[in-house]
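# Turn this into a structure:
(2 chains)
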Amino acid sequence: MRRIFADLHLCADLKNFQHVSRMVHKASMLGYRMVAVPLSTGFSEKELQPLRSVCSEANVDMALRVDLKPKTPKELLQDLRRLRRRFEIVAVSCNSKSVARQAAKDRRVDLLSFPSLDFRERFFDASEAELASNSLAFLEVDMKPLLVLEGPVKVRLLSSLRREVAIAKKADVPVVISSGVSDVMLLRKPREMAALALLFDLDEASSLRAVSENPLAIIKRNREKLGAGFVAPGIRVIRRGRDC
Amino acid sequence: MKGVRRRYLALQLDCEGAVDSQEFMNAVWSAVLKLFGEYGASKTGLVLIDFDVERRFAIVRVANAAVDTVRAAIASITNIGNRQVAVHVVMVSGTLKALRRKMGNSF
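Residues are numbered from 1 along each chain as shown, chains lettered A, B, ... in the order given. This next block holds a predicted model:
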């Protein structure tokens, strides 16, 4: 069966229609069949319409994603309560340890991401991985810094990523590789992204899963949850009426 | 004794302006050296086979064991000279003949 590839972090400027169109068409040309563009928390269906039409024109499925950057665990909980049912993917940028822990143990969070350049703020350790594993959260790795950084900073980033991926593997936390780029020229083919993951010791099978099966699993799970008949995992309403 | 197994990679350059083969190979070698060092680069067996300036296509030969290494290095190329560039692997094949056949008229 042919693999379906997904890029869950396409940073297109939604105010610039041409930019969005260029990004989505390029992603489609490179072989992605599913993309997610981070949306603002107060987006309206009207704002979304051009994006939907571009995606259908490019023959790409689109997922609704929100990036949360809470300062405190309380703020994170408020955001999740307010936004979870509006988005198919909820990613949390963990800028403090308390936020990271809260995000990892909350089942409403799909993706955990860590600031790439502040190495003291990468809180993905064994405890975090354990919590993430229990709440079915995924670790997101953006490839943009690997393409744009050079020298000692890049070396240090690779070293951090290698450690985090090893911890994730040990705790059975799936990894998702995303582009995280806003420039068309920095978009890479899915297999090239998987090859870049070799740099932080992710084996070939896992890296291909990280650009295909893992992101698609998130979308599938959340679309099912957001569907009208969903009751609990594995249980859904199939008919309503007096004879039920 | 069995020879070294090789793979041929068809590459496409995505950039504005012309890039010549010398500049292109310098960029590829420099990416390989930067990511894997001289020891890693020595294992790739990287050789330029063909380069089409107009169509911006290239064919390189690499050792079979180093396909992913070279793929990663090629993906990390973002600039050649002052131009922003993306190099994509279009196809991988075991023989040059098969590669050219699969590519059809593109090359």
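# Could you use CA atoms for every contact and neighbour count after this?
Noted.
# pLDDT below threshold where in chain B?
Applying pLDDT under 70 to chain B picks out residues B:1-2, B:105-107.
# do the same with chain A
Applying pLDDT under 70 to chain A flags residues A:116, A:243-244.
# near chain B, which residues of it show up?
Contact residues, chain A versus chain B (CA under 8 Å from any CA of the partner chain): A:146-148, A:185-189, A:192-193, A:195-196, A:198-199.
# filter these to the buried ones?
A:146-147, A:185-189, A:192-193, A:195-196, A:198-199 (16 or more other CA atoms under 10 Å in any protein chain shown).
# show me where the chain has helices.
Reading this off chain A. Remark: helices assigned in chain A by DSSP state H are A:17-29, A:45-57, A:73-83, A:97-105, A:126-134, A:144-148, A:152-170, A:190-196, A:204-211, A:213-226.
# was after chain B, sorry
Going by DSSP H, chain B shows helices at B:21-42, B:67-75, B:96-103.
# right, so of these, which gets closest to A:Ala132?
Of all the helices of chain B, helix B:67-75 sits nearest to A:Ala132, with 28.9 Å by CA to CA.
# about what we covered before: let's have the helices of chain B in TSV, adding mean neighbour count and distance to chain A.
Listed next are the helices of chain B as TSV, based on neighbours: other CA atoms under 10 Å in any protein chain shown; distance: least, CA to the nearest CA, whole Å:
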stretch	mean neighbour count	distance to chain A
helix B:21-42	16	8
helix B:67-75	24	5
helix B:96-103	15	17
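# Return the closest of the residues of chain A next to chain B with respect to B:Glu54.
A:Met185 (19.3 Å).
# thought that closest one was touching B:Gln84?
Yes: using CA atoms under 8 Å, A:Met185 is in contact with B:Gln84, at 7.1 Å.
# To what extent is A:Gly42 buried, counted in neighbours?
Counted with other CA atoms under 10 Å in any protein chain shown, residues neighbouring A:Gly42 total 8.
# And it, how close does it get to chain B?
35 Å (CA to the nearest CA, to the nearest Å).
# What separation do you get for that residue and A:Arg108?
Distance, A:Gly42 to A:Arg108, using CA to CA, to the nearest Å: 19 Å.
# Then B:Val67?
Between B:Val67 and A:Arg108 the computed distance is 39 Å (CA to CA).
# show me the contacts for the closest residue to B:Ala63 other than its chain neighbours.
The shortest distance from B:Ala63 to any non-neighbouring residue, by CA to CA, 6 or more residues apart in numbering or on different chains, is to B:Arg6 (4.5 Å). Counting by CA atoms under 8 Å, 6 or more residues apart in numbering or on different chains, B:Arg6 touches B:Arg61, B:Val62, B:Ala63, B:Asn64, B:Gly94.
# picking that back up, and the helices of chain B: which comes nearest A:Pro152?
Proximity to A:Pro152 (CA to CA) singles out helix B:21-42 among the helices of chain B, at 11.7 Å.
# what distance separates the closest one from the centre of its chain?
Computed by CA atoms, centre = their mean, to the nearest Å, the chain-centroid distance of helix B:21-42 equals 10 Å.
# What of stretch B:52-67?
Here stretch B:52-67 is found 3 Å from its chain centre; the criterion is CA atoms, centre = their mean.
# show me what contacts residue 19?
Here I'm looking at chain A. Taking CA under 8 Å, 6+ apart, we find A:His19 in contact with A:Ala12, A:Asp13.
# My question was about chain B, not that one.
Contacts here follow CA under 8 Å, 6+ apart; on that basis B:Val19 touches B:Val53, B:Arg56, B:Ile80.
# coming back round to it: Throw the buried ones among the residues of chain A next to chain B into a markdown table and include distance to A:Ala137, thanks.
Listed next are these as a markdown table, based on distance: CA to CA, whole Å:
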| residue | distance to A:Ala137 |
| --- | --- |
| A:Leu146 | 23 |
| A:Leu147 | 26 |
| A:Met185 | 30 |
| A:Leu186 | 27 |
| A:Leu187 | 25 |
| A:Arg188 | 25 |
| A:Lys189 | 25 |
| A:Glu192 | 25 |
| A:Met193 | 21 |
| A:Ala195 | 24 |
| A:Leu196 | 23 |
| A:Leu198 | 22 |
| A:Leu199 | 23 |
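# and which of the residues you listed is nearest to A:Ser179?
Proximity of these to A:Ser179 (CA to CA) peaks at A:Leu187, which lies at 6.7 Å.
# need the contact list for the residue nearest in space to the middle of chain B.
The centroid of chain B falls nearest to B:Val60 when counting by CA atoms, centre = their mean (4.6 Å). Contacts for B:Val60 (CA under 8 Å, 6+ apart) come out as B:Tyr8, B:Leu9, B:Ala10, B:Leu11, B:Leu46, B:Val47, B:Leu48, B:Ile49, B:Asp50.
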